[in-house]
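> take a look and give me a structure for this.
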Amino acid sequence: MARNDGPRINEEITSRTCRLIGVDGSQMGLFGVRDALRIAGDQGLDLVEIAPNADPPVCKMLDYKKFKYEQDRKAKAARKNQAKVEIKEMKFRPKIDVGDYETKKGHVIRFLKKGARVKITIMFRGREMAHPEQGRLVLDRLAADLKDVATVEQKPLMEGRNMHMTIVPIKGAFDKKDEKDDEAVTEKEN
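Sure, this is the predicted structure:
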């Protein structure tokens, strides 16, 4: 019974001949698959078809369980090191007060410092739908206020009762700012 989760091993190999590679990676030459199976079995190893599309196919002698374990470990490490793009959302209203705007802008800056993308949503209710330009003004104002630390990835777009805009942090924008803040603190201490 053939498995679909990896290379063919031992009796699953269908070709008559194969190019055999030893445990240490040395080429042992061309062998019939039955002979290669016998050689691998004598050493307590499995015969694994590494390159099935080659002519003749390339098979290697190795401990399949150990090989599979190493592959799984490498795949897990690759998944762990993969960059996770986080998208945060901040909701505004078209008629937002100055204090509320500044507070929410501070939250957006905090998200950007952490390296997250930020989706800005303007929520319209009732008669506010008649004036989407007010929401657009809020988004444009926010984009202008954050131009030093973020760029607009997705321009403002109206979807139903909401208007969206996505911004991403500029690489290195916060590094410079942190250094200036540190210098200002040391000057105040002196």
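> what residue is smack in the middle of this protein?
Nearest to the mean C-alpha position of the chain, counting by Cα atoms, centre = their mean, stands A83 at 4.1 Å.
> look at that one and give its secondary structure.
Per DSSP: H, G, I helix; E, B strand; the rest coil, the local secondary structure of A83 is coil.
> which residue ranges of the chain form helices?
With DSSP state H, the ranges of helices along the chain come out as 33-42, 64-81, 98-113, 132-145, 173-189.
> P7: which of those is closest?
helix 64-81 (8.8 Å; Cβ to Cβ). Any C-beta I mention is one placed from the backbone N, CA and C, and that applies to glycine too.
> how many residues are close by the residue lying closest to D140 once chain neighbours are set aside?
Excluding the flanking residues, the one nearest D140 by Cβ to Cβ, 6 or more residues apart in numbering is P156, at 7.8 Å. Around P156 there are 18 other residues, counting by other Cβ atoms under 10 Å.
> adding distance to I167, mean pLDDT and mean neighbour count, write the helices of the chain out as a markdown table.
As requested, the helices of the chain are exported to a markdown table (distance: least, Cβ to Cβ, whole Å; pLDDT from 0 to 100; neighbours: other Cβ atoms under 10 Å):
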| stretch | distance to I167 | mean pLDDT | mean neighbour count |
| --- | --- | --- | --- |
| helix 33-42 | 58 | 90 | 16 |
| helix 64-81 | 26 | 88 | 11 |
| helix 98-113 | 7 | 93 | 14 |
| helix 132-145 | 7 | 92 | 16 |
| helix 173-189 | 12 | 54 | 10 |
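> pretty sure the residue nearest to D140 contacts N162?
No - P156 is beyond contact range of N162, at 10.6 Å (criterion: Cβ atoms under 8 Å).
> which pLDDT value goes with S26?
On pLDDT, S26 comes in at 88.
> contact partners for L146?
105, 108-109, 112, 167 (Cβ atoms under 8 Å, 6 or more residues apart in numbering).
> turn those residues into TSV, columns for distance to G6.
Below are these laid out as TSV (distance: Cβ to Cβ, whole Å):
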residue	distance to G6
K105	52
V108	46
I109	48
L112	43
I167	43
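> nearest to K95, of these?
K105 (16.1 Å).
> distance of L45 relative to V23?
7 Å (Cβ to Cβ, to the nearest Å).
> which of these two has more neighbours?
L45 (19 against 12).
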